[in-house]
Structure formats: C-alpha cells, structure tokens
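Chemist: Just a sequence and a predicted model for now, questions to come.
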Amino acid sequence: MLTLLSCLLLGLSLLWATEGLLIRETPKQSLEVKPPKAKPQGAPQRARPSVQEGSLPKQKPPPLTLQASRVSSYTFKELNFLGDDLVLRGTAPAYDFYIPVYAHLEGLKLSLKISTPEYLREDSTVLLLVDDVPHQSFKIAGGQGRELLLTLKPRGNQPFIKVSLRGSLRASNNLCEDAFSDRIYMVISKDSSVEFYYRPPLQIEQFIRDYDLYFCLQDVRLIPLAYVLLSQSSLPAFFSWGEREDCKNIKVAQQTYLQGSTLFLSENTLKAVLEGYTPLIFGRAVFPDKVSREKSQSSSQVSLREFGIGNKTVRGMSNLSVYIPLDLAKIGGMPDTLHFRLKFEHTPPHQKDKMELRVYLNDDLIRSLPLEGAGRKEVDIKIPTHYLTYGVNGLLVNLVNFTSSDNCFGAVAQSVLTVYEDSYFYWNSLMVKPHNIADFLRIMNGKLTIVLKEQSLYPFALKFINELAFINRNVEEIRVLTAEPEADRGDFMIVFEKPQQGLFQVYNPLTQEVLFSARYELPFIAMVLGEKKGTPVLTVSAYGTADPQTIGKKYSSQDYLRLLGNVAILSEEYATAFEVGKKLRIRHEGERGMSYYWNLVRPWAVLLLGLLGLTFLIYVYRKLTRRPS
C-alpha cells in the first residue's frame, strides 16, 4: 500500500512539473507541415494525443481551461517571426521571439517545430525560457523532428510574452572540435505556430488591436486604414472591399462607436487614427475634438534607438554576431556618403587567443580589425553606398575569437559582445530616384498621395495599399484624392488611372517613334514608374475588361518585390516586369492627346509659318523701299 501511494505521488509531481509541456517526436521528413488554419468562431478544440518520449510522463498536457469563444492560429511566417526556416549554427544556438498580448487574450498554445542533424550526441539539450525564466529543458537527439507544445497564459499587463530557446549541442567528445565546427546546427521551422484563445472585442481598441484582423470597408476615405492599422499591429491585417456579415466592417459616420461587428468612425476619429493616435481611441464611444500632427524635422543622423533597436548582447564560444537592419526608407533615401559609428563592448581574449571584429554589409565584408583588451570601444565604419540597395540592408557585426588549442581542456569560457543602442548612422545628403517598381515600394517614406481616378480600381487599390504595409512601414501621412494635384504632390504619388482600350504601345516621347505595339485578348493591369516635377510616381491602369479585384487577390507583397523593372504587367495568370529605358514610355491607343497630334503636324506647321513670315517680310520691304527714278 505504501509503495502504491509513493508511485502515485511521484506521478503527480511529474505531471505538475511539466506545466502543459509535451515533446512530440516525429520522423524527420514530417517536419514540413501545412500551416494551421484559423478556426471559426466558437469551434470546438481537439485534444492533442499523448506521445511517449524518453523519461517524460505518458500523460496528455493539462487542458486549456479558458472561457474564450474565439480562436485564431498563425504560423511563424504569418507572424513575421521567420521568413523561412531558421538555421542556428554552433554549440550554443539561441533564438528569442515575442508573442503579442492584448487585453482580451485568455491564453495561447505554442507549437515549436525543431530539427537537428542525426549525428548529434544524445546528451544535446535545449532549454526553454518564458520571460527569461527557465521553463523546461529537454533532450534533442539527432536525426528526428521535434514538436514542442506549450500552453501559456498572460501575466499582468505585459504587452508581450518573451519565449527563448537556448541550445547546448554536442557532436563529439572534443570540445574545441565542436566549438569550431559548422556541422552542428538546429533548424526552427517557419511552420511553427501560435493559437490565440480570446474573448470577442467589446471596446474600440480591442476591435482594432485584435487577433482576428480581417476587415471590410467600402469608402475611399478608409483606404489609408489598410496601411496604418497594419503598420501599428503586431499581427497581419487583411482588408477587403465591400460589406459582409462574416467580416469586421468599418464605416464613416457622424460619431465614433462600436456596434456588434461594425465600427463607425467619425472623420475626426479617422484622422486621429491616421495621424498615429490609435492608443488614445478606446472605450465603446469616443468624441475627438482636435487632431493635429507635429512637423517632423529632417536630420542627417539616426541612432539604433531611433531605428527601434535597443542594446544587443550575444554570448557564445568563438563566433558572435549582431544583426542590424539598415532600412533606407527610415533614413529617407539613398545617402551620398554613409558612416556608422559603432559603440560596443566585449570580453577580453585568453592570453594565447586572438580576437577580430568583422563588419558585413549584405554578406559582403566591408571592414575588419583586430581587437585587444576589453571594455567599451568605438569605431567609425564607412559604408560603401554602391553596395546599398533600396529598402532594408543587412549590417552584421561579427566577433571572432581564435581559440588556442591549449584552451581545449576542461571548459571553454564564453565570449560576450554588446552593441549599444546609441551607435548611430550619419550622412551628408539623400537622393530618392528608384530605378524599378520594387525599389519604389521599398524606399517609400514621408507623405504619400493616392489619386483614385477610376471607381472600378478601388478594390485593387485597397489590396495594393494593404500589401504595401507588409513591404514598408515608413510612410507617415497618406491622403486620397480623385484628381492629380497641381502642386504639393507629396514625397511619393500613386495614380490609379481609368481603364484603357485599344493598342498597347511602347514609344519614345521625344521622337514619338513606336518601338513595340500589340493588342491582347487577355485583360491585365499595367504599372508604370515615372517622375513628375521631381516626385516619383507609380501609375496603375487596367487594360481591356480586367477584373481588378480578382487580379489583386492573386498577388502578395513578395510578388510585388519581384517587379524589377519600370513597367509591369499583371494578369490573373501571368506577371512580368521589364525595363523600357529611361526615355521610353507606354501608352494605349486612346491616350493620344494634343501633344501627340502637334508632334505629327509640327514640321508642316513650322514650314507654313516660315513661308508666311517670309512673304510678309517681302511685302513690307517692297512697300517701304523707294525705287530710284
């Protein structure tokens, strides 16, 4: 009886220690799984089966005891945690990510899919931390895929839950061989996912900052919301044109209030959201009185803190790296000269070791220097601007420790590198001349003017602006017009033209020579990058009987980033981009205006005017000149 009671107590203590953690072992080829779909509201949740794994208990994780009526699921790729599968190399891989917590969240289920090479030793482990507190350590034997399932609840009013992975991987009995080997790695799948359990939104801020971000609208004044709400959200937001019952509808009204699944916004409230005052829009109703914006001041210097990057500290054996995203849109354009004042600190090398600092730009080495001693240091790095690309560039600060073989006995001390947030970039002047459509979308910043000349393009314009926010979140102000302004076009302009018919032509505007012309059976949307009085302009028009809404649904932000030309053609089944030359343009047959016909008759008009002028001069000469008698 006593033995049975002891076993029961031991089982209960093991169950309490796991706190909802389950490690599922799967064959390596099953790592690639389909992303979990968002479940309909109120859908029952299926219990996960228990799986035997090593010395872990053979019970199911405790059920998620929540009163949540809604569930939404996102993969790491959809949450922008990972763009692709992440490969972490070295004996001490580390990975951190932050899960957003909103006021109406009840809890979440985290599914981490991890794989390692088959030759790792069985004592290789991974430590899981939640908010920097060790939560669970588990073995990760090589050659198998792992799915780590974890149940978490929000604590207090913290805006995020920090989840960290810290690996300790070994492949051999030689410590130095493992420390310098590039064959030791851990892969985190982009198909890892998070399921959010939450209550329906009852207030305006919960409606806007929600885990279900599928909105519907049908007012052109609301189109900038597709950009602004996504820019302010930690989760992906999607917008559709038209009102639907199964969607979160947004409408413009006299007052601001939330009614069921519809949010009514007054024009003042809409302006407040567009100006960045979303955190001040809360409760079930709000009545803004005055809304204005402080004028931003131009600068020729920006720190990592202003980029949203705090102090970064990394630890490891021999190779430490800090990644710094350099977004030229945040700077405001392409600099003529660019310098980076790097402020950092590192641990001293061992007596017989050597240290080196290397700086890479887009995987190209641009600076290296030896390091001695320890403490806080500063170095000025000139960044070659001809290596820069419009949009986000990757700057990598890499600390390499060349460990002597004498240090391979016993424990190898970890090196530490810290890059401080007061490091800064500085430059002289900026230039904004995007060479292709993808560059235009990447570098866009400041004030954007959207001109909507055609009502049939409203759905496409909404979807296009929505996708733009996935590419670039540096636009500060968006205004929507129905006609092109004579002045104050803003920093960038997108014009949605009326549908075109007839012959599609590529021509030289100086000579009017047509280089290519054709008629098409397949309708499509054409994009042309140009410039008007110093303002970069992207013109969008539909050709034939194209359905803009259907075409818009076919393309994502990644598709638009492949438009490496100043002209692009998008149809339901075909997309291409090409360069027509700096002096070439495209047009449809119906676009021929007065300038076209004037260029046709100009030589004859000049000749006629010349003859008339010569005749007049001869006539005057004859009248005024006296002949000798």
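Modeler: Sure thing, it's come through. This is a predicted model, so every value here is computed, not measured.
Chemist: Which elements pack onto the host helix or strand of residue 418?
Modeler: Residue 418 is part of strand 415-419 when elements are defined by DSSP states H and E. Taking 3 or more Cβ pairs under 8 Å, 6 or more residues apart in numbering; DSSP states H and E as contact, the helices and strands that strand 415-419 lies on are strand 312-316, strand 319-327, strand 338-346, strand 392-402. (Glycine included, C-beta is placed from N, CA and C.)
Chemist: go with 6 Å
Modeler: strand 312-316, strand 338-346, strand 392-402 (3 or more Cβ pairs under 6 Å, 6 or more residues apart in numbering; DSSP states H and E).
Chemist: Can you give the contact residues for the second one?
Modeler: Contacts of strand 338-346 from elsewhere in the structure, counted by Cβ atoms under 6 Å, 6 or more residues apart in numbering, are 376, 378-383, 385, 399, 417-420, 422-427.
Chemist: what angle sits between that strand and strand 319-327?
Modeler: Here strand 338-346 runs at an angle of 150 degrees relative to strand 319-327 (axes from the mean of the first three to the mean of the last three Cα atoms, to 10 degrees).
Chemist: hmm, back to that, where's the strand holding residue 418 relative to the chain centroid, distance-wise?
Modeler: Taking Cα atoms, centre = their mean, to the nearest Å, the mean C-alpha location of strand 415-419 is offset from the chain mean by 27 Å.
Chemist: can you give me the helices for the protein?
Modeler: According to DSSP state H, the chain carries its helices in the segments 2-18, 175-179, 204-208, 225-231, 267-274, 328-331, 437-443, 458-471, 548-553, 557-560, 594-624.
Chemist: hang on, the earlier thing: filter the contacts of strand 338-346 down to the buried ones.
Modeler: Applying 16 or more other Cβ atoms under 10 Å to those, the neighbour count classes 379, 381, 383, 399, 417-420, 423-427 as buried.
Chemist: just the residues you listed now: which is nearest residue 610?
Modeler: Residue 610 has its nearest neighbour among these in residue 427, at 53.4 Å by Cβ to Cβ.
Chemist: and that closest one, what are its bridge partners?
Modeler: Listed by DSSP bridges, the beta-bridge partners for residue 427 are residue 338.
Chemist: Quick check: it touching residue 335?
Modeler: Yes - between residue 427 and residue 335 a contact is recorded at 3.7 Å, counting by Cβ atoms under 6 Å.
Chemist: What distance do you get for the residue lying closest to residue 277 once chain neighbours are set aside to residue 174?
Modeler: If the residues on either side of it in the chain are set aside, residue 277 comes closest to residue 291, at 6.9 Å by Cβ to Cβ, 6 or more residues apart in numbering. Using Cβ to Cβ, to the nearest Å, one obtains 66 Å as the distance from residue 291 to residue 174.
Chemist: Which one's more surrounded, the two?
Modeler: A count of neighbours by other Cβ atoms under 10 Å puts residue 291 above the other of residue 291 and residue 174, at 16 against 12.
Chemist: surely that one meets residue 272?
Modeler: Yes - at 4.7 Å, residue 291 and residue 272 qualify as touching, with contact defined as Cβ under 6 Å.
Chemist: what comes up buried for stretch 125-135?
Modeler: The neighbour-count check on stretch 125-135 (16+ other Cβ under 10 Å) flags 126, 128-130, 135 as buried.
Chemist: before we move on, what about stretch 147-154?
Modeler: Going by neighbour count (16+ other Cβ under 10 Å), the buried part of stretch 147-154 is 147-152, 154.
Chemist: Average pLDDT for that stretch, rounded please.
Modeler: Over the span of stretch 147-154, the pLDDT mean works out to 88.
Chemist: CA atoms only: put that stretch into PDB for me.
Modeler: C-alpha atoms of stretch 147-154 as PDB (Å, rounded to 0.1, in the frame of the first residue of the first chain):
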ATOM      1  CA  GLU A 147       7.300  19.400 -32.000                       C
ATOM      2  CA  LEU A 148       7.200  21.200 -28.700                       C
ATOM      3  CA  LEU A 149       3.700  22.000 -27.500                       C
ATOM      4  CA  LEU A 150       3.300  24.600 -24.800                       C
ATOM      5  CA  THR A 151       0.300  26.300 -23.100                       C
ATOM      6  CA  LEU A 152       0.800  29.800 -21.800                       C
ATOM      7  CA  LYS A 153      -1.400  32.400 -20.100                       C
ATOM      8  CA  PRO A 154      -0.700  36.200 -20.000                       C
END
